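1. sequence and computational prediction follow.
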Amino acid sequence: MNFRFLWIKLIILAGMLPFNLLSQVDAVTGLLATDCGNQGNAGDICVAFNKAANEDTISEYRIMVIPGEMLSTFTVEIASLIHHYTEVTPSGSDVSIRIEQQAPDVNGNPVVEEIEYYVFALSVAEDTSSGQNALSEPSNLLILSTPDYLYAGRADVPPLHYSDPEPDILIHAEWDSSQEYFLDLNGDGLDDYRFYCYFSGAMASYTRIASISGTAPDNRIISSQPLSNFLVNRFNQGDPLTFNDTLVSEQSFLSHYVYNDEQPDFTEGYWTGIEDKYAGLVMFNGTDTLVGWIKLSVPDYSTIQIKEYAWTVYSHHTYAAFTYEINDYEVSFTSLAEGESFVYWDFGDGTFSWERNPIHLYTQEKDYMVLHTAYSLSGSFMASETINICEMPTAGFIYELTKWGQLIILDQSSKAIKYRWDFGDGTSSTEASPEHYYQEDGTYPVSLLVTRGECTDSDSTVVDVCIYPKAEFYYEINGIEIYFYNTSLKADSLSWDFRDGSGSNESNPVHSFNVTGEYDVVLRTFNQCGQDSVTHMVYVGLEETDKDIRVMVYPIPASNRLFIEPIFPVNIRKTELFDPSGHLIVSIMDEKTGYGISEFDLSTVKNGFYILKLHLDHKLLIQKILVLNRRN
């Protein structure tokens, strides 16, 4: 087999493979084309789109303007062969550009007004190994328009004020003379525009001039037809007309004719030709902007013939303002601008929009400075505001209200960063799950405000607090008498049960027990909300069970350590410590015999009164002790 021939054949076949077998690069999305000027050419087209999802293998974007009749047949294969386009280099950000004035459509024809156009963006692969080019979806239908020489804006009511002078107003300069005429455009008794014609010079060199200028600095001229770039810039992006001061005086159109022996006839300016022409007029009157036009002709270079003129209030004082509504990462913006030709948004994240009321999707939680600009004949006006993008938190909680006025809260909120609790009694908390004690009965509104950046949510409830009494007492032994001291809270009444068949209704009774032993004394307390009780074991006459037993217990009060030292040889089998309620605190099964000193560790015991029980051989020693530990 001839392998060389086989390899050549494979190469040929590979070259014949359909182009679409290659993987395709990503196309751009969200393509929007807008009429953002009044130049009457491609410079009026503003294009914005979202960048391709993956730009790694894309060398450039090609923006193409196609006539409407090509829409159904315009494909990626055709687009890849087009030579008339605007090139944009991928930068990692969404794209928003203005097309150059001289840019043609895909057929090489000038872009003009009142024609249907669509805009495409072609993602161009770096090389054939990177993949196939990708074509975007078409933009919206685009028709450039400059209506009736009154540039895009908001016409006021009443509409146009029209004048048709009869006969036509003629300004003409004979040889070696000049003539001027002043026009009061809006009929307020003040001259607004000056027309001037001039004719002078010698036979070998002479100058003829026809010009129009504003009588005040804010009275300006705008053109409805292309002019020499050396003389005047056309009305652009809503800005007032500007001139090149080095060539002509500001606020005027100048046309003159120069002839001499050394230079051919030379004409510059706008007025040449006998056909009717229109000059747009702009005048600022207080806070209003007046716009009009003059229909005129220039039969020769030193003659102006005014045929008609009109004016209207283009806009009142222009200002920019806006409102917005945040829904997590999505923000709906509403322009409140007035007197504008068009508006512009800078969302503060590297993206922008020419829409009046855009909806924008942010991708990160942070503060963004949003700029909103309104453009009009009187200039540009800006409003700005910092907005905070955050995920909306949800406030929620459950709670338990104890009978002693303790409110125990468990937070159930989501996405919350900060908390603000109001318990309705003048106190608050910033903890997520706080506990609160009410001091008085009543009905209290409990509210929670959670925040995440500038995003907030709230939840609330109402709690009815009726605080039960809290029973508590302590006692002291003085011989055969026991002194009881009531320390209860919120008790309107009480009763004692000494568990020997007797009781008392006094607050702090003194009671004598007839028989030694252990008594579970009960204190019951009452108020309008309910009742409570507490029981403490009282040891009567048991400090020294057997007079023959001598054991020293020291120091009293005890601090961290308690020492037990028998005076005579004894056998201590068990040592126990009880609180006043009879609950066992510590028990030590450490048998000691003879005179040995026992050491009792009390470092973890709370301060207070306790009952010490020493279990000896067939005997019991009970003694009350006071613990006062020193805390570092």
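-> Yep, it's here. This structure is a prediction, so every number in the text was calculated from the model and none was measured.

2. distance from the chain centre to the longest strand seen in the chain, please.
-> Scanning the chain for the strand with the most residues, using DSSP state E, yields strand 303-315. Distance of strand 303-315 from its chain centroid, counting by CA atoms, centre = their mean, to the nearest Å, is 48 Å.

3. who does that strand touch, helix- and strand-wise?
-> Other helices and strands packing on strand 303-315, by 3 or more CB pairs under 8 Å, 6 or more residues apart in numbering; DSSP states H and E, are strand 161-163, strand 169-172, strand 177-183, strand 193-201, strand 206-214, strand 277-285, strand 288-297. Heads up, the C-betas are built off the backbone N, CA and C, glycines and all.

4. in its sheet, which strands sit next to that strand, and in what direction?
-> Using DSSP bridges, strand 303-315 pairs in its sheet with strand 161-163 (antiparallel), strand 169-172 (antiparallel), strand 288-297 (antiparallel).

5. per-residue confidence averaged over the shortest one?
-> Spelled out, it's strand 161-163. For strand 161-163, mean pLDDT is 80.

6. now do the last one
-> When pLDDT is averaged along strand 288-297, the result is 77.

7. CA atoms of it as CSV?
-> Only the C-alpha atoms of strand 288-297 are listed here, as CSV (Å, rounded to 0.1, in the frame of the first residue of the first chain):
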residue,chain,number,x,y,z
ASP,A,288,-36.5,76.4,30.1
THR,A,289,-34.8,75.3,26.9
LEU,A,290,-36.3,76.6,23.7
VAL,A,291,-35.7,74.8,20.4
GLY,A,292,-36.7,75.9,17.0
TRP,A,293,-35.7,76.0,13.3
ILE,A,294,-35.4,78.4,10.5
LYS,A,295,-36.2,77.5,6.9
LEU,A,296,-33.9,79.6,4.7
SER,A,297,-31.9,79.7,1.5
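
8. that strand vs strand 193-201, what angle?
-> Between the axis of strand 288-297 and that of strand 193-201 there is an angle of 40 degrees, by axes from the mean of the first three to the mean of the last three CA atoms, to 10 degrees.

9. what's the angle between strand 288-297 and strand 277-285?
-> 160 degrees.

10. list the contacts for the residue nearest to the spatial centre of the chain?
-> Nearest to the geometric centre of the chain sits Asn388, at 2.4 Å (CA atoms, centre = their mean). By CB atoms under 8 Å, 6 or more residues apart in numbering, the residues touching Asn388 are 326, 366-368, 453-455.

11. ok, now how distant is it from Ser332?
-> 15 Å (CB to CB, to the nearest Å).

12. centre of the chain to stretch 427-445, how far?
-> The chain centre lies 33 Å from the centre of stretch 427-445; the measure is CA atoms, centre = their mean.

13. list the buried residues for it?
-> By neighbour count on 16 or more other CB atoms under 10 Å, the buried set for stretch 427-445 is 429, 432-434, 436, 438, 444.

14. can you give me the end-to-end distance of that stretch?
-> Counting by CA to CA, to the nearest Å, you get 12 Å between the two ends of stretch 427-445.

15. which residues sit against it?
-> 397, 404-411, 413, 416, 418-425, 460-467, 529.

16. and the helices in the chain?
-> 3-16, 76-79 (DSSP state H).

17. worst mean pLDDT among these?
-> For the helices of the chain, where the average pLDDT is lowest is helix 3-16, sitting at a mean of 35.

18. about what we covered before: ok, and the closest non-adjacent residue to the residue nearest to the centre of the chain?
-> Glu454 (3.5 Å; CB to CB, 6 or more residues apart in numbering).

19. what sits against the residue nearest to Gly517 when sequence neighbours are not counted?
-> Residue nearest to Gly517 in three dimensions, not counting chain neighbours: Val540, with 6.0 Å by CB to CB, 6+ apart. Residues in contact with Val540 (CB under 8 Å, 6+ apart) are 477, 480, 482, 513, 515-519.

20. same thing but 10 Å
-> By CB atoms under 10 Å, 6 or more residues apart in numbering, the residues touching Val540 are 477, 480, 482, 498, 500, 511-519.

21. whichever of the residues you listed end up buried, select them in ChimeraX.
-> A single ChimeraX command is used to select the members of the contacts of Val540 judged buried by 16+ other CB under 10 Å:
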select :477,482,498,500,511,513,519
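
22. export the contacts of Val540 to CSV and tack on pLDDT and distance to Asn219?
-> Converted to CSV, the contacts of Val540 look like this (pLDDT from 0 to 100; distance: CB to CB, whole Å):
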residue, pLDDT, distance to Asn219
Ile477, 77, 110
Ile480, 68, 117
Ile482, 87, 109
Phe498, 93, 109
Asp500, 89, 114
His511, 92, 110
Ser512, 88, 115
Phe513, 84, 114
Asn514, 80, 119
Val515, 79, 119
Thr516, 74, 118
Gly517, 76, 116
Glu518, 80, 112
Tyr519, 86, 110
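
23. show me the contacts of Val540 that map onto strands.
-> Applying DSSP E to these, the entries found in strands are 477, 482, 511-512, 517-519.

24. in stretch 457-470, which residues are buried?
-> Using 16+ other CB under 10 Å as the test for burial, stretch 457-470 gives 457, 463, 465-470.
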